[in-house]
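Trainee: One predicted model, sequence on top.
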Amino acid sequence: MDVVSDAISAVRIGRPFSNRLRVRGRWCTRLSSYDGAGFHVVLAGRCLLLPEEGEPVPLGVGDVVLLPHGAGHVLADGPADPAEAVPFEEMRHVSGGDGPEVEMLCGKYRLDRSRTHPLMAELPQVVHLPHRVGRHPELRSAVDLLARELAELRPGATLALPSLLDLLLVYMIRAWMTEAETGAWPAVLNDPVAAAALRALHADPAAPWTNDRLAEAAGVSRATLARRFTALVGRPPMAYLTWWRLNRAATQLRATDAPLATIARGAGYGSPYALSHAFVREFGVTPGRYRAAVR
């Protein structure tokens, strides 16, 4: 696994959910805040996204917008009073009215925010990725495929749509990292030393890593690795590794029935006792109580 894949996998729960919105004329709808990440893909027409904080965001055909922290917002045909917005559940099937039609794919990903990777935490409240010819071709391809699946409802769509939505999330985050003018994690993954060390740790977190071994994998001295990694990531390499191992263990406890000994080995701990001791320091509860509570 790589850092971006791991960061998404650590928080994602279940399958994404989506609805089509097709409206004409004057309209204004509110989407309440939720514990997940929301997204919109404009398939036809134009509209305006009004976030709870910040300036309105004009959206056109082919535009994609991600709300990674589940912030509430309003969608409207143009400038509108958010107080007059109707709930999204009452709007998504409306097709009457005059004027150009607006068609959108609106949906959300369920996320467990108790173990958010700092890469995901750093995403802004609204990530707007306007359609530009030649920019982010993989994102454009995913949007085109989604539009076709929705329009034709071909056999296999029940499996194809969630898979395409998963791809859409990856491509949206990739595109944000490419275009971000500021932010720690785009800088981290563009730094050859920090990125090499993170790739090694995420590829095999259970390996018996030491600072010397990790420095060798990154091709630098131990002192250089410690300085660059800590400055960019915000914690020393071994501290990051411990944090990531315990988060992987928490994911396994929540999502599987694997015995604690199996989870301990996968997280790089020699025994269930060693994992439990470290887990209590990080989460404040034993692995068994954590598993019972999240279920």
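Mentor: That came in fine, so what should we check first?

Trainee: Can you tell me the element H69 falls in?
Mentor: Assigning secondary structure by DSSP states H and E places H69 outside every helix and strand.

Trainee: okay, now it: neighbour count?
Mentor: Neighbour count for H69, taken as other Cβ atoms under 10 Å: 20. Heads up, the C-betas are built off the backbone N, CA and C, glycines and all.

Trainee: Who are the contact partners of it?
Mentor: Listed by Cβ atoms under 8 Å, 6 or more residues apart in numbering, the contact set of H69 reads A37, L123, Q125.

Trainee: Buried by neighbour count, from those: which ones?
Mentor: Applying 16 or more other Cβ atoms under 10 Å to the contacts of H69, the neighbour count classes A37, L123 as buried.

Trainee: CSV for the contacts of H69, including pLDDT?
Mentor: As requested, the contacts of H69 are arranged in CSV below (pLDDT from 0 to 100):
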residue, pLDDT
A37, 93
L123, 92
Q125, 93
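
Trainee: which one of the contacts of H69 sits closest to R154?
Mentor: Ranking those by separation from R154, with Cβ to Cβ as the measure, puts A37 on top at 27.1 Å.

Trainee: any idea how far the helix or strand harbouring that closest one is from the chain center?
Mentor: A37 belongs to strand 36-44 when assigned by DSSP H and E. Using Cα atoms, centre = their mean, to the nearest Å, we find the averaged C-alpha position of strand 36-44 to lie 13 Å away from the chain's own average C-alpha position.

Trainee: Among the contacts of H69, which one lies nearest to V61?
Mentor: Minimum distance to V61 across those is 22.6 Å, recorded for A37 (Cβ to Cβ).

Trainee: which residues touch the following helix or strand past the strand holding A37?
Mentor: Remark: after strand 36-44, the chain's next helix or strand is strand 47-51, criterion DSSP H and E. In this structure, residues lying in contact with strand 47-51 by Cβ under 8 Å, 6+ apart are 40, 56-59, 65, 67, 71, 73-80, 82, 102, 104, 125-126, 128.

Trainee: again, but for stretch 276-284
Mentor: Stretch 276-284 has contacts (Cβ under 8 Å, 6+ apart) with T242, W243, R245, L246, A249, A250, L260, Y269, V285, T286, P287, Y290.

Trainee: one more time with 6 Å, if that's ok
Mentor: Applying Cβ atoms under 6 Å, 6 or more residues apart in numbering, the external contacts of stretch 276-284 come out as L246, T286, P287, Y290.

Trainee: what about burial for the residues you listed, which qualify?
Mentor: L246, P287, Y290.

Trainee: Skip the chain neighbours and tell me the closest residue to the first one.
Mentor: Spelled out, it's L246. For L246, ignoring the flanking residues on the chain, the nearest one in space by Cβ to Cβ, 6 or more residues apart in numbering is E282 at 4.6 Å.

Trainee: Out of the contacts of stretch 276-284, flag the one nearest to R15.
Mentor: When those are compared for distance to R15 (Cβ to Cβ), Y290 wins out at 23.7 Å.

Trainee: From C47, how far off is the closest one?
Mentor: 43 Å (Cβ to Cβ, to the nearest Å).

Trainee: now do Y269
Mentor: Using Cβ to Cβ, one gets 51 Å for the distance from Y269 to C47.

Trainee: Ok, A200 next?
Mentor: Taking Cβ to Cβ, one finds A200 at 45 Å from C47.

Trainee: Those two: which is more packed in?
Mentor: Summary of the neighbour comparison: A200 and C47, criterion other Cβ under 10 Å, with C47 having more neighbours (23 against 19).

Trainee: count of neighbours near P137?
Mentor: Quick note: P137 (other Cβ under 10 Å) scores 10 neighbours.

Trainee: let me redo that: D144
Mentor: Under the neighbour criterion other Cβ under 10 Å, D144 is assigned a count of 12.

Trainee: In terms of helices and strands, where is it?
Mentor: D144 is part of helix 137-152, with elements assigned from DSSP H and E.

Trainee: got the angle for that helix vs strand 36-44?
Mentor: Angle between the axes of helix 137-152 and strand 36-44 is 70 degrees (criterion: axes from the mean of the first three to the mean of the last three Cα atoms, to 10 degrees).

Trainee: so what does helix 137-152 touch, helix or strand wise?
Mentor: Judged by 3 or more Cβ pairs under 6 Å, 6 or more residues apart in numbering; DSSP states H and E, the packing partners of helix 137-152 are helix 157-179.

Trainee: in whichever helix or strand comes after the helix it packs on, what's buried?
Mentor: Taking DSSP H and E as the definition, the helix or strand that follows helix 157-179 towards the C-terminus is helix 184-190. Buried residues in helix 184-190, counting neighbours by 16+ other Cβ under 10 Å, are found at W185, P186, V188, L189.
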